[in-house]
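*Asks:* fold the stuff below for me.
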Amino acid sequence: MEQAFGYPDVQNVDGKVSVVFPPDHPGHRDAAYHDRRVAMAEAAFRTPAGAPAPDVAYTAEEDAVWRTVTTSLVDLHVKFACQEFLEGISRLQLPADRLPQLSEASARIQQCTGARFSPAPGMLAPRDFYSSLAERRFQATQYIRHPSLPHFSPEPDMIHEIIGHGSALAHDRWADIYELFGHTVRRLSTREAVGAVSNVFWFTMETGLVREDGDVKACGASLLSSCGELENIARADIRPLDTAAMQNQPYVVTGYQPVLFCAESFGDLEEVLRRYLTGVRDENPG
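*Replies:* As a prediction, the model looks like this:
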C-alpha cells in the first residue's frame, strides 16, 4: 500500500488563501507543488458558484502523472469496473496524453446527462458539497496528486473527480442518483442525518461494489480512480449491501478501505438507494 496522509487545510480569510499540508503529506516540503495548490485554490475561490471552471495551464510533470495513472487504469477497469462505469467513461472520451480541463470534461458530461462540474478549492463541508448535487452540479478540484504517489491519493484530485465521478455523471442512471443525494441533504436539517447520508454515499458512490454475472465489480469513484484500491478489493471484507450498517460503519479516507459493501446488481443498488434516500428523516436517519 502506498503511504497515506492527512488532508491539507485550505482557507480563504479576507481574500488571503492558504493551503497548509500536514507533515506527512508529500507536498509538505515541495514549495513548487504548494504554490500550484494555492494558485488553483485562489482561482476556485474567485469563481462564482455555478460558473464554469477557469482553465489551468498544466505542466509537463502534471500531464505525466495523468498518463501514468490512466495508462495503468485501462487494464484494471477491464478487469474490475462495472458495465455502467465502462459506458460512462466511453462517453467522456478523455484524452490519454494530457490532463483535460475541468471545463472540457464538464461540457462532455452536460451533453450526456445535463450534469456539470464547477471548481472547488479543496475539501468542502458536507452540506455544501451535497446540496449542489441537487442542481446536477458537482464541485470538483482542479489539482492533481503529488507525482511521488501516483497510484493512490486520499485527496479528491482531478483523477478522482474526472475518471471516478465524471464517468458516473456521464451515465443517466448514475447522474439521477447523484441528484437524489443532493435533494435528500437539502431537506435534512440535522448534522446527524447528513452524516448518516454521507456514510451511505461513501460506501456506495465512492467505494461501492456490484455483482455482474457472479463477479464482484467496482462502481465507486474512489475505487475506480485508484490503481491501488482496485487491486486491494480482494483483500477487503466484502459485505452485503445494507444502508443501516453503512450509516454506522467507520470508513477510512487516508488508506484502502478494509470493509466494502456489494449490491447484487446495479439495479439492486439503484433500488436500495432510492428507497433509503426518499425515506431518511432527521428524526430517524436509520
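*Asks:* got the phi and psi for the nearest residue to C262 once chain neighbours are set aside?
*Replies:* Spatial nearest neighbour of C262, excluding adjacent residues (CB to CB, 6 or more residues apart in numbering): L209 at 3.9 Å. No exception for glycine: its C-beta is placed from N, CA and C like everyone else's. Main-chain torsions, L209, degrees, to the nearest 10: phi -130, psi 150.
*Asks:* correct me, but L209 touches E264?
*Replies:* No: with contact defined as CB atoms under 8 Å, L209 and E264 do not form a contacting pair (10.4 Å).
*Asks:* any chance you could map the strands in the stretch 101-250 of the chain?
*Replies:* 116-119, 137-140, 209-212, 215-218, 237-240 (DSSP state E, counting those that start in this stretch).
*Asks:* can you redo those strands as a markdown table with mean neighbour count, mean pLDDT and distance to I162?
*Replies:* A markdown table is the format used below for these (neighbours: other CB atoms under 10 Å; pLDDT from 0 to 100; distance: least, CB to CB, whole Å):
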| stretch | mean neighbour count | mean pLDDT | distance to I162 |
| --- | --- | --- | --- |
| strand 116-119 | 24 | 95 | 8 |
| strand 137-140 | 22 | 96 | 7 |
| strand 209-212 | 20 | 98 | 21 |
| strand 215-218 | 19 | 97 | 16 |
| strand 237-240 | 12 | 97 | 27 |
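*Asks:* turn the ones you listed into TSV, columns for distance to D9.
*Replies:* Formatted as TSV, the strands of the stretch 101-250 of the chain follow (distance: least, CB to CB, whole Å):
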stretch	distance to D9
strand 116-119	19
strand 137-140	18
strand 209-212	32
strand 215-218	30
strand 237-240	32
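*Asks:* contact partners for R127?
*Replies:* Counting by CB atoms under 8 Å, 6 or more residues apart in numbering, R127 makes contact with 185, 194.
*Asks:* tell me where this structure has helices.
*Replies:* For the chain, helices defined by DSSP state H occupy the ranges 31-46, 60-80, 83-92, 102-113, 126-133, 158, 167-169, 172-187, 191-201, 221-224, 227-232, 243-248, 266-279.
*Asks:* thought I144 was touching W66?
*Replies:* Yes: under the criterion of CB under 8 Å, I144 makes contact with W66 at 6.5 Å.
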